[in-house]
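**Q** Curious how this folds, go ahead:
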Amino acid sequence: MGNVIELRNVNKVYRGTPDVQVLFDITLSFSDRSFNSIVGESGSGKSTLLNLIGSLDRPTSGEVIVDGVSTAALSSDGLAEVRNRTLGFVFQFHYLLPEFTAMENALMPYVISHGKAGRQVTDWADELFELVGIAKVKNNPAMKMSGGQQQRTAIVRALINKPRVVLADEPTGNLDSENTANIYKRFREINERYGTTFIIVTHDRRIAEQTDRIVEVRDGRLLMDISK
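**A** Okay, the predicted model is just below:
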């Protein structure tokens with residue numbers, strides 16, 4: 001399997017008085033179809049690292065390559081195109097639009113990039129809602145869904161454009177233990193069924209131990225990289 005994400009000698013400095021460097025010379029890659037976690041204490045740099053991988057931010061120096069494309073010279077529109085084509089995002093907060101249904105929220109990335117969703121796309125959304133176990137509430141307004149249902153809707157939304165990679169930043173931080181277990185079970189099923197690469201940021205080692213590879217970041221540096 002080839003690499004779908006590569007970071008080469010990446011540094012990140014936030015300019016100020018004084019400057020603050022949060023990542024130091026990170027060289028790291030993730031292979032296609034893999035299931036990974038990034039762990040570290042609060043302030044370790046793990047979320048910054050995920051933002052660079054997702055092209056939500058740019059490194060101060062070094063190179064980030066997403067699906068074979070170096071992001072360094074891309075315009076904002078070019079970065080948006082790479083994100084929309086290759087990446088899906090699941091955050092700690094689901095960021096659903098409360099006035100729309102679960103289905104409408106899930107289809108939003110497709111509608112924004114392609115226009116009206118046809119039968120093929122809605123059938124794909126139906127399949128995903130079945131997979132994450134909330135097909136019965138897909139037409140409910142987001143505000144009338146439980147926290148676990150809302151987060152599962154966010155997973156469907158992340159997958160609607162069939163990304164090669166899903167980036168998840170503390171995706172179960174606001175959920176109870178039962179919903180947390182369900183979310184990670186769905187992640188694994190998606191990885192195995194569709195070959196979607198997962199990179200999951202978490203501070204919880206119990207969650208990280210369910211992945212096939214654990215990358216640990218401490219004080220902006222790679223401390224450990226273990227594959228099972």
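**Q** Would you mind finding the longest helix in this protein?
**A** helix 177-194 (DSSP state H).
**Q** And the next helix or strand past it?
**A** Following helix 177-194 in sequence order, the next helix or strand is strand 197-202 (DSSP states H and E).
**Q** mind listing what's buried in the helix or strand following that following strand?
**A** Per DSSP H and E, the first helix or strand lying C-terminal to strand 197-202 is helix 205-208. Buried residues in helix 205-208, counted by 16 or more other Cβ atoms under 10 Å: 207, 208. Using the backbone N, CA and C atoms, a C-beta is placed for each residue, glycine as well.
**Q** Residue 78 should be in a strand, yeah?
**A** No - under the criterion used here (DSSP: H, G, I helix; E, B strand; the rest coil), residue 78 is helix, not part of a strand.
**Q** and the gap between it and residue 142?
**A** Computed as Cβ to Cβ, to the nearest Å, the residue 78 to residue 142 distance reads 31 Å.
**Q** Among those two, which residue is more densely surrounded?
**A** residue 142 (21 against 13; other Cβ atoms under 10 Å).
**Q** Let's see the pLDDT reported for the more buried one.
**A** With respect to pLDDT, residue 142 scores 92.
**Q** for the residue nearest the centre of the chain, what are its contacts?
**A** In the chain, the residue lying closest to the centroid (Cα atoms, centre = their mean) is residue 167, at 1.5 Å. Listed by Cβ atoms under 8 Å, 6 or more residues apart in numbering, the contact set of residue 167 reads 50, 53, 54, 87, 88, 89, 90, 199, 201.
**Q** quick one on the thing from earlier: what about the longest helix of the chain, distance to the chain center?
**A** Put simply, helix 177-194 sits 13 Å off its chain's centre (Cα atoms, centre = their mean, to the nearest Å).
**Q** So which elements touch that helix?
**A** If you count contacts as 3 or more Cβ pairs under 8 Å, 6 or more residues apart in numbering; DSSP states H and E, helix 177-194 packs onto strand 35-39, helix 119-132, helix 147-159, strand 165-169, strand 197-202.
**Q** Quickly list what residue 141 is bridged to.
**A** Beta-bridge partners recorded for residue 141 (DSSP bridges): residue 101.
**Q** these two touch, right, residue 182 and residue 134?
**A** No - contact between residue 182 and residue 134 fails when scored by Cβ atoms under 8 Å: they sit 10.1 Å apart.
**Q** From the contacts of residue 167, which land in helices?
**A** 50, 53.
**Q** got the contacts of residue 167 as a markdown table, with pLDDT, distance to residue 70 and neighbour count columns?
**A** Listed next are those as a markdown table, based on pLDDT from 0 to 100; distance: Cβ to Cβ, whole Å; neighbours: other Cβ atoms under 10 Å:
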| residue | pLDDT | distance to residue 70 | neighbour count |
| --- | --- | --- | --- |
| 50 | 93 | 18 | 21 |
| 53 | 94 | 13 | 25 |
| 54 | 93 | 15 | 23 |
| 87 | 93 | 15 | 24 |
| 88 | 92 | 21 | 26 |
| 89 | 91 | 21 | 20 |
| 90 | 88 | 25 | 25 |
| 199 | 96 | 19 | 25 |
| 201 | 93 | 23 | 28 |
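**Q** which among the contacts of residue 167 gets closest to residue 154?
**A** residue 90 (5.5 Å; Cβ to Cβ).
**Q** in the sheet, who's paired with that closest one?
**A** residue 168.
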